[in-house]
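J.: Model the structure of this input:
(one chain, ligands or ions: 1)
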Amino acid sequence: MAVIFEKSVPGRRGVALPQNDVPVVGEVPTAYRRGTPLRLCELSELDVVRHFTELSRRNVGVDNRFYPLGSCTMKYNPKVCEKVAGLEGFVNLHPLLPQLRRGGMLTQGALAVLYELEQLLCEITGMHAFTLQPLAGAHGELTGMMLIAAYHRDRGNRKTEVLIPDEAHGTNPSSAATAGFKVRPAPTDRETGALDFQALTGMIGEQTAAIMMTNPNTLGLFNSEIQRIADLAHRYDAQLYYDGANLNATLGRFRPGDAGFDVVHLNLHKTFGTPHGGGGPGAGPVGVREHLAGFLPISRVVKRSDNTYALEYDFPKSIGYIAPFYGNFLVLLRAYAYIRLLGADGLREAAENAVLNANYVMNRLKDVYDVPYPGTCMHEFVISAKRQLDACGVKAMDIAKALIDAGFHPPTVYFPLIVREALMIEPTETESKQTLDRFIAAMRQIAHLCETDPEAVKRAPLTTSVSRPDELRAVKQMDFAAL
Ligand SMILES: *Cc1c(COP(=O)(O)O)cnc(C)c1O
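T.: Model (predicted):
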């Protein structure tokens with residue numbers, strides 16, 4: 001398919017601007033004018049509509065396919081959340097509107113949403129206070145690590161290291177390093193898939209600023225030793241960090257704050273109703289226990305005695321600004337709508353269905369694929385294609401590509417790094433049994449094809465406009481990607 005610039009015809013226009021009917025006042029000085037015209041494509045409105053409609057049809061998303069991508073899963077995004085996020089009164093708010101007087105009442109509704117969302121997230125996670133400012137999961141992690149650094153500085157602690165399990169999401173070590181810490185990977189017990197407590201005990205010391213965990217971890221396994229890990233961390237005044245990007249595993253069932261975690265970040269663009277993919281926008285709120293609340297970024301929303309809301313900036317120990325204005329407000333608004341829509345029972349049910357669906361699919365696949373940790377999983381599980389690779393030379397990547405021909409978005413592949421030929425599957429909470437059964441049938445069919453005609457699996461996908469692009473070249477040479 002041609003890129004839009006190749007369809008350009010000199011002089012063709014999509015819109016006609018009316019004649020200027022006001023006098024021209026002054027001219028832009030020559031120094032500030034472009035020397036050459038801007039390179040824009042020249043097309044009719046119909047050309048543009050057809051081009052982008054065609055592109056959107058070639059795209060895959062939750063609205064047209066089952067999308068079992070593990071870890072960074074696109075969960076269900078109720079359309080009503082989009083409707084709420086499109087309400088005029090919210091969409092057209094200027095971020096610099098005054099809070100009170102002279103139009104201030106215009107912002108009270110937005111501030112109330114922020115205030116109440118903070119309360120709801122505190123209730124859901126068992127934390128004391130939240131900042132809604134971070135603009136993504138990784139940004140939340142960085143904020144959390146900065147809070148921990150500020151806490152230790154304030155206490156006069158000399159801490160240099162953060163311990164992170166070796167199966168962790170890649171953003172964990174990079175966030176800790178960006179905040180100035182040395183990262184040490186803590187080993188996972190290869191038998192159980194859980195953090196090796198003995199090894200952790202050997203690594204922790206006065207130099208440890210934090211232990212950064214994901215629970216359930218990226219293998220989809222819940223660690224029930226958190227209390228022991230928390231006690232160990234706190235003996236050294238190390239802070240226990242919870243990566244709650246995928247909270248749909250535990251909503252209403254487990255609160256990180258009750259278990260001893262000091263800091264938690266959530267991905268509202270995974271668990272709480274905002275579509276993601278293609279790079280944005282997201283929100284990664286950070287919750288803390290009481291002893292860290294004074295370090296939270298500004299601004300913070302407060303409720304005053306006359307029941308009005310205001311932004312407060314006077315927190316002398318705050319780490320300062322980490323995002324402009326209100327964070328990604330419309331993402332926060334979707335999360336607020338999602339939580340209010342489901343209520344406490346609905347959120348718990350979402351977690352239960354997520355776990356049930358994952359266990360159902362795992363158990364229906366474990367006779368044809370290796371499942372390195374076959375016990376009860378949480379919202380996701382990891383299988384390995386090593387049996388297929390050893391027997392017929394078919395890799396995890398080939399199986400993922402074959403799934404595209406069968407009409408499914410492939411799962412995450414080659415992550416977590418500690419599982420050979422990993423395929424990480426998260427069916428999510430909202431898929432019907434019929435959809436899960438179709439996916440299971442396709443996975444079993446591919447396993448069968450690996451034995452009978454492995455070359456066919458390696459040739460997939462045959463139904464897409466591009467089959468197997470050179471991924472490196474596709475990133476470095478954009479016009480190559482647009483074959
Ligand atoms: C997605 C994810 C992140 C990072 O979130 P971004 O919004 O992509 O920065 C961190 N940890 C885990 C476990 C995740 O799944």
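J.: The stretch 151-300 of the chain: helices as residue ranges?
T.: 171-178, 197-203, 226-235, 256-259, 268-271 (DSSP state H, counting those that start in this stretch).
J.: Pick out the shakiest of the ones you listed, pLDDT-wise.
T.: Comparing mean pLDDT across the helices of the stretch 151-300 of the chain, the lowest value falls on helix 268-271: a mean of 92.
J.: Now do the buried residues in that one.
T.: For helix 268-271, a neighbour-count test (16 or more other Cβ atoms under 10 Å) marks 268, 269, 270, 271 as buried. C-beta coordinates here come from the backbone N, C-alpha and C atoms, glycine included.
J.: Could you find which two of those are furthest from each other?
T.: Spatial extent of the buried residues of helix 268-271 (Cβ to Cβ) is set by the pair 269 and 271 at 8.4 Å.
J.: quick one: low-confidence ranges for the stretch 351-483 of the chain?
T.: 478-483 (pLDDT under 70).
J.: of the helices of the stretch 151-300 of the chain, which approaches the ligand most closely?
T.: Closest to the ligand of the helices of the stretch 151-300 of the chain, according to Cβ to the nearest ligand atom: helix 171-178, at 4.5 Å.
J.: Now tell me what touches the closest one from outside.
T.: Identification of contacts with helix 171-178 by Cβ atoms under 8 Å, 6 or more residues apart in numbering yields 137-138, 141-142, 144-145, 162, 164, 183, 185, 210, 212, 214, 243.
J.: just curious, which of these is nearest to the ligand?
T.: The closest of these, once distances to the ligand are taken by Cβ to the nearest ligand atom, is residue 137, at 2.2 Å.
J.: Show the overlap between the contacts of helix 171-178 and what lies near the ligand.
T.: Restricting the contacts of helix 171-178 to those touching the ligand (Cβ under 6 Å from any ligand atom) yields 137, 138, 214, 243.
J.: Is the second one in contact with residue 282, as I believe?
T.: Spelled out, that is residue 138. No. The pair residue 138 / residue 282 is not scored as a contact, 9.2 Å apart, by Cβ atoms under 8 Å.
J.: Against residue 92, how distant is residue 86?
T.: According to Cβ to Cβ, to the nearest Å, residue 86 and residue 92 sit 11 Å apart.
J.: Between those two, which is the more surrounded one?
T.: residue 86 (11 against 8; other Cβ atoms under 10 Å).
J.: Show me what from the chain comes close to the ligand.
T.: So far as Cβ under 6 Å from any ligand atom goes, the chain lies against the ligand at 71-72, 136-138, 169, 171, 214, 243, 245-246, 267, 282, 284.
J.: ok, and which of the helices of the stretch 151-300 of the chain has the densest surroundings?
T.: Mean neighbours per residue, mean count of other Cβ atoms under 10 Å, is largest over those for helix 268-271, with a mean of 28.
J.: Going by proximity to the ligand, name the top residue of the stretch 201-350 of the chain.
T.: residue 245 (3.3 Å).
J.: That residue and residue 264 touch, don't they?
T.: No. Counting by Cβ under 8 Å, residue 245 sits too far from residue 264 to count as a contact (10.2 Å).
J.: Next, count neighbours for residue 338.
T.: Neighbours around residue 338, by other Cβ under 10 Å: 24.
J.: I'd like to know how far it sits from residue 455.
T.: 46 Å.
J.: which of the contacts of helix 171-178 count as buried?
T.: Buried, going by 16+ other Cβ under 10 Å: 137-138, 141-142, 144-145, 162, 164, 183, 210, 212, 214, 243, out of these.
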